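Visitor: sequence? don't have it. structure:
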């Protein structure tokens, strides 16, 4: 099947070698052809909506307008912030007066999906079951969504915005043990790590602490900003908390690749700052224990 694809800025930069590559690989393995939106640009993300409301709507709205030129019903967006801004723009432009914004949407507006949301649909879950060659047995995880992928529900359309289950459904089909916990939609501090790192150390430390308290060996995410805050600064946060957490932070797409024997999974995971392969090795989930079913490259 063919779908439109909006990578957003960070998947062309800091999240390219793990998140972006894993998404392209699993898409190929599941016969999903990603057609990148032509001439795409930044959606405004963190900055625009806090500085200029009109710019925030027009930047994100233009992405949707550009994607409407492609002959596909669905638009896949990996970044929850981009997803949220695109959905916000569509909502605003539908309600706007004709002269209010310089961007107008046509009659054919694509269905905007987060990548994890798309892979959690019944059809995709059935395909995951069929492609799993090495279930993630004994891997105990909690799923962390952060702020933007589900809220506010009037924008995202999420029915379970306070207790999302998208990644839980995926991880369950991969054979992992998914644990319930109360912090799955708490904030990680996002870009405040640049200006107020102490705040992020407190917020993320609480996430680590609760994940360990419920018995998790790892955290699974679908947001590159959340991944950065949880993965990159773990050593500093352990120093702040005077506590060793030693928690690998995996993208859901990496674990799909691992369980389905897709070539490249170990390479993506090796790019993380917090060491993340030892746990998988102890559980017998690395390449020497997996018979590859599909070869896919970004």
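Guide: Everything's here; your move. On a predicted model such as this, the values are computed, not experimentally measured, just so you know. Residues are numbered from 1 along each chain as shown.
Visitor: the residue nearest the centre of the chain and residue 97, how far apart?
Guide: Residue closest to the average C-alpha location in the chain (Cα atoms, centre = their mean): residue 222, at 2.1 Å. Distance of residue 222 to residue 97, given as Cβ to Cβ, to the nearest Å: 35 Å. (Each C-beta comes from the backbone N, C-alpha and C, glycine too.)
Visitor: just residue 285 next, same as before
Guide: For residue 285, the distance to residue 97 - Cβ to Cβ - is 55 Å.
Visitor: looking at these two, which one has more neighbours?
Guide: Counted by other Cβ atoms under 10 Å, residue 285 and residue 97 do not tie: residue 285 has more neighbours, with 25 against 6.
Visitor: need the per-residue pLDDT for that one.
Guide: pLDDT for residue 285: 97.
Visitor: just residue 13 next, same as before
Guide: On the pLDDT scale, residue 13 gets 88.
Visitor: and for it, the neighbour number?
Guide: Neighbourhood size, residue 13 [other Cβ under 10 Å]: 12.
Visitor: same deal with residue 46?
Guide: So residue 46, with other Cβ under 10 Å, has 13 neighbours.
Visitor: ok, now the one 3 residues further on?
Guide: Here the count is done by other Cβ under 10 Å, and residue 49 has 20 residues near it.
Visitor: ok, then the element right after the worst-scoring helix or strand of the chain on mean pLDDT?
Guide: Every helix and strand of the chain was ranked by mean pLDDT, DSSP states H and E. The lowest is helix 45-51, at a mean of 81. The helix or strand immediately downstream of helix 45-51 is helix 53-67, counting by DSSP states H and E.
Visitor: ok, residues contacting that next one?
Guide: The contact list for helix 53-67 (Cβ atoms under 8 Å, 6 or more residues apart in numbering) reads 4, 6, 37-44, 48-49, 75, 82, 85-86, 88-90, 92-93, 96, 101-106, 109-110, 112.
Visitor: buried sites along it?
Guide: The neighbour-count check on helix 53-67 (16 or more other Cβ atoms under 10 Å) flags 56-67 as buried.
Visitor: excluding its backbone neighbours, what's nearest residue 183?
Guide: residue 210 (4.9 Å; Cβ to Cβ, 6 or more residues apart in numbering).
Visitor: doesn't the one you found belong to a helix?
Guide: Yes. Counting by DSSP: H, G, I helix; E, B strand; the rest coil, residue 210 is found in a helix.
Visitor: correct me, but it touches residue 182?
Guide: Yes. Residue 210 is within contact range of residue 182, at 6.9 Å (criterion: Cβ atoms under 8 Å).
Visitor: give me the more crowded residue out of those two.
Guide: Ranked by neighbour count (other Cβ under 10 Å), residue 210 and residue 182 place residue 210 first, with 16 against 10.
Visitor: who are the contact partners of that one?
Guide: Contacts of residue 210 by Cβ under 8 Å, 6+ apart are 181-183.
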